[in-house]
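Enquirer: The following block contains a protein sequence and its predicted model.
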Amino acid sequence: MRTVHGQKILITSGHKRIGRALALHLGRQGAVIAVHYRHDPEAAAEVVMELASFGAHALAVQAELTDPQSVRAMLQFCGQSLGGLDAVVAAAANYVPTDLDRPDAAHFDSVWANNARAPVDLILAAEPWLTRSGDGRAVIIGDLAGITPFFGYSAHSMAKAALHNGVLALAAELAPAIAVNAVLPGAVLKPKAQTAAQWQQLQEHVPQGSLALADPDLPVRALADAVQFLITCERYISGVLLPVDGGRLTRW
């Protein structure tokens, strides 16, 4: 199993929430990190500075992930600036509700573009760089909603189900040069709109939720460990959809 130290890794939405946590975790292990952002260069710069504070090399890069030209420019910049790319972690997504009382084609198209098409397009565009690395890895952050739909989030759930199928298709078609896997987080970070009481109530329904309540950082560490494993394990492991949910799927 290879080490993450020295690996050149692009993390989309690496400036906030899950992406930020992954950037900091992998940077602490010695990875070279490209922190992608769309609209918030200040937040991306803060992550780069934090990475630099413990000796990690990092840079920030902007792109609109639903725009293929912007994605290609981002990858070109990362590849040239870092001297290649060994792994791409597709952590960017949006999470918006769907009002089925008023179906809106534009809404479904937007959710699909951000949550299903963009991550797949990103990996396809990165394929030459990852192949050139000699041991390319792609890790896509999926969603439990792609397995069991979230009430009120039908478009999101449909898009994530399609994304999971995309992971399997990419794993088959980009083999053997690139291993493609997905991590499906459960309740690892409290949503901003959720109260502390609501978060506790949710964790009480998760088999391992008591661990998360005792140590709020544990779920994020578990997610980061899973991503790191998929970046460093033997490339024979591919096409995996790995839930990191404290056993939530067993008690939905």
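Expert: Arrived safely.
Enquirer: Give me the contacts around the one helix or strand in the chain whose mean pLDDT sits lowest.
Expert: Ranking every helix and strand in the chain by mean pLDDT, DSSP states H and E puts helix 196-204 at the bottom, with a mean of 92. Outside helix 196-204, the residues within contact range by Cβ atoms under 8 Å, 6 or more residues apart in numbering are 187, 190, 194, 209, 210, 212, 213, 246. From N, CA and C alone the C-beta is placed, and that goes for glycine too.
Enquirer: Out of the residues you listed, the closest to residue 47 would be?
Expert: Minimum distance to residue 47 across these is 19.8 Å, recorded for residue 190 (Cβ to Cβ).
Enquirer: Helices of the stretch 51-200 of the chain, residue ranges please.
Expert: For the stretch 51-200 of the chain, the helices defined by DSSP state H, counting those that start in this stretch occupy 68-82, 105-112, 118-133, 154-173, 196-204.
Enquirer: which non-adjacent residue is nearest residue 219?
Expert: Leaving aside its chain neighbours, residue 219 sits nearest to residue 188 (3.7 Å; criterion: Cβ to Cβ, 6 or more residues apart in numbering).
Enquirer: In a markdown table, list the helices of the stretch 51-200 of the chain along with distance to residue 55 and mean neighbour count.
Expert: Output for those, formatted as a markdown table (distance: least, Cβ to Cβ, whole Å; neighbours: other Cβ atoms under 10 Å):
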| stretch | distance to residue 55 | mean neighbour count |
| --- | --- | --- |
| helix 68-82 | 16 | 16 |
| helix 105-112 | 39 | 14 |
| helix 118-133 | 23 | 20 |
| helix 154-173 | 33 | 20 |
| helix 196-204 | 34 | 14 |
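Enquirer: Could you save those helices as CSV and add columns showing distance to residue 223?
Expert: Output for the helices of the stretch 51-200 of the chain, formatted as CSV (distance: least, Cβ to Cβ, whole Å):
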stretch, distance to residue 223
helix 68-82, 23
helix 105-112, 23
helix 118-133, 16
helix 154-173, 16
helix 196-204, 15
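Enquirer: and of those helices, who's closest to residue 57?
Expert: Distances from residue 57 to each of the helices of the stretch 51-200 of the chain were compared using Cβ to Cβ; the minimum, 8.3 Å, belongs to helix 68-82.
Enquirer: just checking, what packs against that closest one?
Expert: Contacting helix 68-82 under the criterion 3 or more Cβ pairs under 8 Å, 6 or more residues apart in numbering; DSSP states H and E are the following elements: strand 8-11, strand 32-37, strand 58-62, helix 118-133.
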